[in-house]
Each structure stands twice: as C-alpha cells, then as structure tokens.
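Asks: Generate coordinates for the sequence data below:
(4 chains)
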Protein chains: 4
Amino acid sequence: MAGLEYVFEDVVRIYDTDAQGIAHYAAYYRFFTNTIEKFFKERVGVPYPNVSDELWFVMVESHAVYRRPVKLGDTLTVLLSPKVLSNKAMRFDLKILREGEVTTEGYLVQVAINPKAWKSVEIPREIIERVST
Amino acid sequence: MAGLEYVFEDVVRIYDTDAQGIAHYAAYYRFFTNTIEKFFKERVGVPYPNVSDELWFVMVESHAVYRRPVKLGDTLTVLLSPKVLSNKAMRFDLKILREGEVTTEGYLVQVAINPKAWKSVEIPREIIERVST
Amino acid sequence: MAGLEYVFEDVVRIYDTDAQGIAHYAAYYRFFTNTIEKFFKERVGVPYPNVSDELWFVMVESHAVYRRPVKLGDTLTVLLSPKVLSNKAMRFDLKILREGEVTTEGYLVQVAINPKAWKSVEIPREIIERVST
Amino acid sequence: MAGLEYVFEDVVRIYDTDAQGIAHYAAYYRFFTNTIEKFFKERVGVPYPNVSDELWFVMVESHAVYRRPVKLGDTLTVLLSPKVLSNKAMRFDLKILREGEVTTEGYLVQVAINPKAWKSVEIPREIIERVST
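Replies: Next comes the predicted model:
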C-alpha cells in the first residue's frame, strides 16, 4: 500500500536555529510535531496528542537523520506518512524537503494510553481508519 | 533591607543560542528559571514551581533587558533577589553577569494558586519566611 | 496615530505547554516572534530578524503579562502594533486573544546593528516606512 | 573494549515538561547535550560543539527510545559512552536512569567539519585520544 502522504509547509525561525547558523538538531522534532498536529486536526478530526481525558498518544521512539542543514528563513516542505503499527501504536515517517531536495528524514512512534491509569489502550477504530487511509 | 541574594552558575549551551551567534532572547528566561528552581530546592526546601497538589506558583509577569549578548560556552553568574510582594505573590529580581559585568537584568512575578480550583491562595508562612530571609 | 495593527493566528502545541497544563511562560515569546516574522515577510518584505549580512535586529528588551493561561490546542489571535522608536530602534506591542478575550500582553524592543562590527546602525528608510504605515 | 562511561546528573525542570505531565520527548535531547557538553569540558578539554573557528561537530543523526516517563523535579543520572566511529565521526550512546532504573536510551552521531568551507575534516588526534580512553 502506497498509503497516505500528508504535506505541510513550515519555515525555519530564529528560535529554531543555533550558533552553528543552522536549525538546531532538536528543532527538527518541532517541524515533525507541527506536521502531525496539523494532520490530526485536518484529516483525523481530533486534537493531538491529547485526544481526550481518556486517550493520549505518548512518544516511545524518535529518530532523525540530518542530510543537509536548513537555515533561518528557509521554507520547508514536510511529508508525513502515518502508519498504524498495531491496535495500540502508530508510526509517523517524516521527510523534510527544501526546494525539492531532502534535508532530513526521521520517524516517531507513539502509543495510545489512558492517562488516568497510565496504561496502554486500543486506538479507537475511527482514528485507525482515518490515519490509515 | 538589603535582603537575600542567591548566586547560581550556569553555562550557555548550544540550544540556548541562535543564528545571531548569541543566546536567544527567550533562553535567558531558562537561566532565570534554573536559578529560582535551585534556590527553592536549596533554601526553601520545596519543589518549584509545583510545590504540591494544592500549591503551584504560576507566572503572571516576565521582563528582561539585554545589555550585552552572551555567547556559546560563556560561564554566567546569576544573582537572584527574591521578594514577597503580598501573601499571594512573589517577585524574583535577576541579574546575569559574565566576568563581573552585568549582561542581562530582569524579573519574574509569580502568584500562588491551588491548581484544583485554579484560584489564588495564600503562600504558606514557612515558604514566605524562607524566601524573605 | 492609531497606526497599523497586524493580525496573526497561532495554535498552542504540545511543546509550548508545561506540567502546569498551560503554555509555558517563555513559549509566549515564540508566539510573539512568529507574528513579527510573518509581519516582516508579508508587509515589510525582508527577512527577520537577520535582514542581510549588514543588518540584524537584536533584542534589547522583552516583557509579558499573563492574564489568563492558554492551553494545548487553543487557537490564538495575536495582534501586533509595530512602532519606530528612533532611527535605530523599533518596539513591537503584542496582544494575544482567545475567543475575543485578552490572555497575554507584552512588548519587544529591538535595535538595528551591523553584525560585522556589532554596532548599532540606522534602520533603512524603506523598512521604517513599511513598519510605520 | 568496555570503554569509558561518563556520568552526569541533571534535573527535570518545568520547561522540560509538557501538558502530559512528563518531560517532552525532545527535551531528552537537552539532557543528552548537557552531558556531552560537560564531558567535553571536563575530559576532552575543548569547547563543544564549536571547538574552534575551524572545527565544529555537527549532528548527523539522533535517536531516543522512551521506556518510562520522567517528571518535573526528577533527578536523572545520564550515562555517556562516547565512541570514535572514524577519523571524522563520533557516536555518543546515552542512557538516562532514575533511581537506578533506565528510563531512556539513545544515541547521537556527529561529524567534524570546518565551518568556513562547511566540509568534513579529520578530528584532531588529541580529541580522538581523549574521547576514546
């Protein structure tokens, strides 16, 4: 399955950069988060990552490979490929492009929990369907 | 009253800086927070800013004046003068020095609340005493 | 002079919040920066805050008053009133509203410098005109 | 080779946390950076990550697995195992423990560059020796 690809535009702001004159390595995770947040709002129709008092998505893994630095003022295109890994976990593959060239690749894995018990729970069928199609 | 002055040492790290090659203006608030957090741990003997399930200190005002930029790797001395403004509010005056020279001055004002009701409450007498002396 | 008022929409994301369940006090400065950055791009037509190799705007003062907390997922309207203070300095007054209610007010003051000499310089007339009208 | 293990103590501060009541996933990279910065200062004897005008370490990969959440006020022990991957690249394996229990594991890979040419360069022998022993 080729699957869904969601596209988001972002910009490198002064607080994303560091004294190397490029985006700080942890700031790319902000671009990732911005993209997933917008995807949930627009396509899934629920808040992210705290969906309700009984459903949060908590992070269990993060990864990024930095191929080319991005700089202050750069316009970024972020491509998101969401995947349902199991009835409790999702993986978000992300690619950041600048003028058609891949600068950064990474992924995030999140698990559904009930925050009251802080126990993993099943992701509601509706969310699974909207994330996978 | 000359009052208490608490001294904290900090260092400018890569994530504090931005593409101007200096500490980002909002990062100085991290130096302020680090200093107050350590002051509460060492001198007041309670966690900060969430003291307990019934007492949090929430921010109501922040201010900083940037006289000289600080740079990656700079060792900073932060001077804190805490003040009790009322039985519900505290003010923290802060000065950042590098090699004896003032680089930054600012203050933070915080109010005590009960987070369950999200209403202001009186600061316990013990905390007031330890903050003021 | 009533002056210009620029309007920007933002959203409170998970990384803006802290363990008090509200936006962290320093995160509001990110909303301020986002607004000014967009204003410069759209209305002034130059990059911000690093306009060119010979013109940067550096921060000399920041201030915020937090009247009501904002929370994860809140949609914010940020109102910006830029002012030219002198031929070298600008002030940005900012107000954050949520559903028509003011939550936060603040300002930033920035000075134009030549980063090569790290000396203040005059703001180009073009920028002054576009900021003031 | 068992290799070096460097130990650093850190604390979860309010700005590290998010509205899930735990440290934000990207904040753990700050704990990683703090540890490596201190290791370079104490053991390698050079600034990090910008060693000189001709030698910077830039990030090429970051990874973290979050096994247990850490919370506001938690005292963390960070274990760092630095490795020289080649004459141009280093890898830093990191483990975060709280009361003897592993909460987080991850690694960072950095490459030496000359920032003037933005080209990879060989890591000076002195640094390689101090990092590996």
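
Asks: Can you list the helices and strands that the helix or strand of chain A with the lowest mean pLDDT packs against?
Replies: Here the helix or strand of chain A ranked lowest by mean pLDDT, DSSP states H and E is helix A:125-132, holding a mean of 95. Helices and strands touching helix A:125-132, by 3 or more Cβ pairs under 8 Å, 6 or more residues apart in numbering or on different chains; DSSP states H and E, are strand A:75-84. In this view, the C-beta of every residue, glycine as well, is placed from N, C-alpha and C.

Asks: Parallel or antiparallel, list what pairs with the lengthiest strand in chain A.
Replies: Assignment by DSSP state E gives strand A:101-114 as the longest strand of chain A. With DSSP bridges as the test, strand A:101-114 is paired with strand A:55-66 (antiparallel), strand A:89-98 (antiparallel), strand A:119-120 (antiparallel).

Asks: what's the second one in contact with?
Replies: By Cβ atoms under 8 Å, 6 or more residues apart in numbering or on different chains, the list of residues contacting strand A:89-98 from outside reads A:28, A:31-32, A:35-36, A:57, A:60, A:68, A:70, A:74-85, A:102-112, A:123, A:131.

Asks: what do you get for the longest one?
Replies: Residues from elsewhere that reach strand A:55-66, judged by Cβ under 8 Å, 6+ apart: A:25, A:28-29, A:32, A:48-51, A:89-90, A:103-115, A:121, A:123-124, D:20, D:22, D:25-26, D:58-66, D:69.

Asks: Hmm, A:Gln20 is touching D:Asn50, no?
Replies: Yes: between A:Gln20 and D:Asn50 a contact is recorded at 6.8 Å, counting by Cβ atoms under 8 Å.

Asks: count of neighbours near A:Ala23?
Replies: 27 (other Cβ atoms under 10 Å in any protein chain shown).

Asks: which ones are touching it?
Replies: A:12, A:16-17, A:69-71.

Asks: Using ChimeraX, make a named selection holding only the buried ones among those residues.
Replies: To isolate the buried ones among the contacts of A:Ala23 in ChimeraX, judged by 16 or more other Cβ atoms under 10 Å in any protein chain shown, type:
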select /A:12,16,17,69,70
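
Asks: Now render the contacts of A:Ala23 as TSV, adding pLDDT.
Replies: Converted to TSV, the contacts of A:Ala23 look like this (pLDDT from 0 to 100):
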residue	pLDDT
A:Val12	98
A:Asp16	98
A:Thr17	98
A:Pro69	97
A:Val70	98
A:Lys71	98
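
Asks: how far away is the residue nearest to A:Val121 when sequence neighbours are not counted from chain C?
Replies: Spatial nearest neighbour of A:Val121, chain neighbours left out: A:Asn114 (4.8 Å); criterion: Cβ to Cβ, 6 or more residues apart in numbering or on different chains. Note on A:Asn114: its distance to chain C, by Cβ to the nearest Cβ, to the nearest Å, is 17 Å.

Asks: Touching, A:Asn114 and A:Glu122? I think so.
Replies: No: assessed by Cβ under 8 Å, A:Asn114 is found out of contact with A:Glu122, at 10.1 Å.

Asks: nearest residue to A:Val46 other than its sequence neighbours?
Replies: Nearest to A:Val46 is A:Phe40, by Cβ to Cβ, 6+ apart, at 5.9 Å.

Asks: Tell me if the one you found really is in a strand.
Replies: No: counting by DSSP: H, G, I helix; E, B strand; the rest coil, A:Phe40 is not part of a strand but helix.

Asks: returning to that earlier point: and the least confident helix or strand of chain A, what's buried?
Replies: Under 16+ other Cβ under 10 Å, the buried positions of helix A:125-132 are A:127-128, A:130-131.

Asks: got the angle between it and strand A:55-66?
Replies: 20 degrees (axes from the mean of the first three to the mean of the last three Cα atoms, to 10 degrees).

Asks: residues in contact with helix A:125-132?
Replies: So helix A:125-132 is contacted by A:3-4, A:43-46, A:51, A:82-84, A:87, A:90 (Cβ under 8 Å, 6+ apart).

Asks: most remote residue from chain A's center?
Replies: The centre of chain A is farthest from one residue, A:Ala19, which by Cα atoms, centre = their mean lies 25.5 Å away.

Asks: give the contact list for it.
Replies: If a contact means Cβ under 8 Å, 6+ apart, then A:Ala19 has B:14, B:17-19, B:21-22, B:71-72, D:50 as its contacts.

Asks: Now, the residues you listed that are in helices?
Replies: Of the contacts of A:Ala19, none are assigned to helices by DSSP state H.

Asks: residues near A:Gly100, how many?
Replies: 6.

Asks: oh, I was asking about A:Thr103
Replies: 20.

Asks: Ok, A:Glu99 next?
Replies: Around A:Glu99 there are 9 residues (other Cβ under 10 Å).

Asks: Roughly how far does it sit from chain D?
Replies: For A:Glu99 relative to chain D (Cβ to the nearest Cβ), the value is 17 Å.

Asks: where does that residue land on pLDDT?
Replies: pLDDT for A:Glu99: 97.

Asks: still on that earlier bit, give me the nearest residue to the residue farthest from the centre of chain A, chain neighbours excluded.
Replies: Closest to A:Ala19 by Cβ to Cβ, 6+ apart is B:Thr17, at 3.7 Å.

Asks: My guess is that neighbour contacts B:Tyr28. True?
Replies: No: using Cβ under 8 Å, B:Thr17 makes no contact with B:Tyr28, being 11.6 Å away.

Asks: before we move on, the earlier item: what's the most distant pair in the contacts of A:Ala23?
Replies: A:Asp16 and A:Pro69 (11.5 Å; Cβ to Cβ).

Asks: give me the beta-bridge partners of A:Tyr6?
Replies: A:Leu80.

Asks: Any idea how many residues pack against it?
Replies: Neighbouring residues of A:Tyr6 were enumerated by other Cβ under 10 Å; the total is 18.

Asks: can you pull the contacts of it?
Replies: Contacts of A:Tyr6 (Cβ under 8 Å, 6+ apart): A:35, A:38-39, A:43, A:79-82.

Asks: Could you give the number of residues near the residue nearest to A:Val46?
Replies: For A:Phe40, the count of nearby residues is 21 (other Cβ under 10 Å).

Asks: And A:Leu85, by the same measure?
Replies: Residues near A:Leu85, counting by other Cβ under 10 Å, number 12.

Asks: for A:Phe92, same thing?
Replies: 22.

Asks: distance of it from chain C?
Replies: 14 Å.

Asks: The spatially closest residue to that residue that is not a sequence neighbour and chain B: what is the separation?
Replies: Once flanking residues are discounted, A:Phe92 sits nearest to A:Leu108: 4.7 Å by Cβ to Cβ, 6+ apart. Counting by Cβ to the nearest Cβ, the gap from A:Leu108 to chain B is 20 Å.

Asks: Please give me every residue in contact with A:Leu108.
Replies: A:29, A:32, A:36, A:59, A:61-63, A:91-92, A:94, D:25.

Asks: Can I get these in a markdown table including pLDDT?
Replies: What follows is those, written out as a markdown table (pLDDT from 0 to 100):
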| residue | pLDDT |
| --- | --- |
| A:Tyr29 | 98 |
| A:Phe32 | 98 |
| A:Ile36 | 98 |
| A:Met59 | 98 |
| A:Glu61 | 98 |
| A:Ser62 | 98 |
| A:His63 | 98 |
| A:Arg91 | 98 |
| A:Phe92 | 98 |
| A:Leu94 | 98 |
| D:Tyr25 | 98 |
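
Asks: Point out where chain A drops to low pLDDT.
Replies: A:1-4 (pLDDT under 70).

Asks: Would you quantify the distance from A:Ile14 to B:Leu97?
Replies: 25 Å (Cβ to Cβ, to the nearest Å).

Asks: My error: substitute A:Glu54 in the last question.
Replies: 49 Å.

Asks: Compare these two (neighbour count), which wins?
Replies: Higher neighbour count among A:Glu54 and B:Leu97: B:Leu97, with 16 against 13, using other Cβ under 10 Å.

Asks: which non-adjacent residue is nearest A:Leu85?
Replies: In space, A:Leu85 is closest to A:Arg91, 5.2 Å off (Cβ to Cβ, 6+ apart).

Asks: Thanks again, I'm all set now.
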